[in-house]
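J.: Just a sequence and a predicted model for now, questions to come.
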There are 2 protein chains.
Amino acid sequence: MVKPDKRDEIVRAALELIAENGFHGAPMAMIADKAGVGAGTIYRYFENKDVLINELYRELEQRLYAVLMGGYSPEKPVRERFIHLGTAILRYCITNPLDFRYLEQFHNSPYGVVHRRDKISGEADEKDIYRKLFEEGLAKKVIKDLPLVVLFALAFGPLITVARDHILGFVVLDEALIGQTIAASWDGLKR
Amino acid sequence: MVKPDKRDEIVRAALELIAENGFHGAPMAMIADKAGVGAGTIYRYFENKDVLINELYRELEQRLYAVLMGGYSPEKPVRERFIHLGTAILRYCITNPLDFRYLEQFHNSPYGVVHRRDKISGEADEKDIYRKLFEEGLAKKVIKDLPLVVLFALAFGPLITVARDHILGFVVLDEALIGQTIAASWDGLKR
DNA sequence: TATTACAGAATGAACGTTCATTCTGCGTAA
DNA sequence: TTACGCAGAATGAACGTTCATTCTGTAATA
């Protein structure tokens, strides 16, 4: 009954507008316009704006996870796996700038803080490959003996920053530079 | 006639509300309330909300700069100066969480992007100690031969991330951990 | 008295959401 | 085959709220 392509159009429009203008620069009326539907139609698919925002986040998270797992081999050395994941994540961010910008908006907002708190306090599920990788690195004494949260900061801090700078046009990340950046962030991590 | 302490109260209230709730969680009426002045009074001191936001940013930037320069000795080795600046910045962020949160809000908003673009395209002024430090490190071949923007990402990415996590309560940064974190981010930077 | 500072009410624009109505396509009856 | 009836999808004007900003009257100052 419900045509899924309308839902898709709404999600796509929301992604584009929110990524470019932030949550408050993307009124429902504008999202509806860009999606080519009436304002009320959105509410047939999403209970309210919050639900739309959270559902879109979950879709992006899944897409990113799928990309990360492509060609990932759990039996390889920790360093090699880190390089693989870092490269994948950085490449994904710069070839999908809208996704990246959306994820950033989300993380830098009350939505993201709540989401993160839930995640940290919970058990490591199957999808938490970074956490598992770092724990293994700690056990094998190949990375520094620091709290997980600090290791995350050392690993992701530079990647996120550099991805943002690329998208904003402050630097051009080619394959060589991507490799050097990830190698450098590994230097910060390794024991 | 114009009492400066009213201006100060407005600025203080704005800092607190914006740091805690974001720009959109800090209506002018609420700022006025918290400052103990009438809503209209704010407009005697600031032309509009944008001006208030930008002026507050500049004040914080200056305070931070003053802190960074305390005990800074340009003749010491690059590594030592980096550690000094990193420690100062991290300590400042976690002892002034409101300032830090405000600066983050600002940077992750259109205000920040504009500000940054202006800064990067401009000449390095006296206040750009990080830029000067990295350029010297490059010349002396003690840090990796990467674009300045990437070096910034390697240095600040982890610090900002870890400061945020501390303030949100995801980790407790004591002096030892601060030192280890900065040493680790230097490992990412050094050649 | 004249001028300035101020508080808070007033204003209008913008927003998320609702809802009475219209549209669409399919099942049924003739 | 055509005409009709109907369920539910879609619509967008309208509503109530919230916000930044302006206006107005009053108190303080000179």
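T.: Right, received. Where do you want to start? Numbers count the residues shown, from 1 in each chain, chains lettered A, B, ... in the order given.
J.: Are the lowest-mean-pLDDT helix or strand in chain A and DNA strand D in contact anywhere?
T.: Across the helices and strands of chain A, mean confidence by mean pLDDT, DSSP states H and E is lowest for helix A:110-121: a mean of 90. No. Using CB under 7 Å from any atom of the strand, helix A:110-121 never reaches DNA strand D; the gap is at least 13.8 Å. No exception for glycine: its C-beta is placed from N, CA and C like everyone else's.
J.: Is that helix in proximity to DNA strand C?
T.: No. Judged by CB under 7 Å from any atom of the strand, helix A:110-121 and DNA strand C are separated, with a smallest distance of 13.7 Å.
J.: hmm, who's touching that helix?
T.: Contacts to helix A:110-121, defined as CB atoms under 8 Å, 6 or more residues apart in numbering or on different chains, come from residues A:Asp50, A:Ile53, A:Asn54, A:Tyr57, A:Phe106, A:His107, A:Val149, B:Gly22, B:Leu168, B:Phe170.
J.: Mark which of the residues you listed are part of helices, please.
T.: Of the positions in those, A:Asp50, A:Ile53, A:Asn54, A:Tyr57, A:Phe106, A:His107, A:Val149 sit in helices, assigned by DSSP state H.
J.: shaky segments in chain A?
T.: Residues of chain A meeting the criterion pLDDT under 70: A:1-4, A:126.
J.: tally of neighbours for A:Glu47?
T.: 11 (other CB atoms under 10 Å in any protein chain shown).
J.: Which helix or which strand is home to it?
T.: If you go by DSSP states H and E, A:Glu47 is not part of any helix or strand.
J.: repeat for A:Leu85
T.: Using DSSP H and E, A:Leu85 sits in helix A:78-95.
J.: hmm, that helix in reach of chain B?
T.: No. Using CB under 8 Å from any CB of the partner chain, helix A:78-95 stays clear of chain B, coming no nearer than 11.1 Å.
J.: Any idea how far that helix is from the middle of the chain?
T.: Chain-centre distance of helix A:78-95: 12 Å, with CA atoms, centre = their mean, to the nearest Å.
J.: Now A:Lys190. Its backbone dihedrals?
T.: Per-residue torsions, A:Lys190: phi -70, psi 150 (degrees, to the nearest 10).
J.: Roughly how far does it sit from A:Glu20?
T.: Distance, A:Lys190 to A:Glu20, using CB to CB, to the nearest Å: 37 Å.
J.: Tell me which of those two has more neighbours.
T.: A:Lys190 (17 against 14).
J.: and the least confident helix or strand of chain A, which residues are buried?
T.: A:Tyr111, A:His115, A:Ile120 (16 or more other CB atoms under 10 Å in any protein chain shown).
J.: just those now: which is nearest chain B?
T.: Closest approach to chain B among those (CB to the nearest CB): A:Ile120, at 5.9 Å.
J.: Next one: the closest one from DNA strand D, what distance?
T.: Counting by CB to the nearest atom of the strand, to the nearest Å, the separation of A:Ile120 from DNA strand D is 29 Å.
J.: A:Arg191 now?
T.: The value you get for A:Arg191 to DNA strand D, if CB to the nearest atom of the strand is used, is 49 Å.
J.: which non-adjacent residue is nearest A:Met30?
T.: Nearest non-adjacent residue to A:Met30, counting by CB to CB, 6 or more residues apart in numbering or on different chains: A:Leu17, 6.0 Å away.
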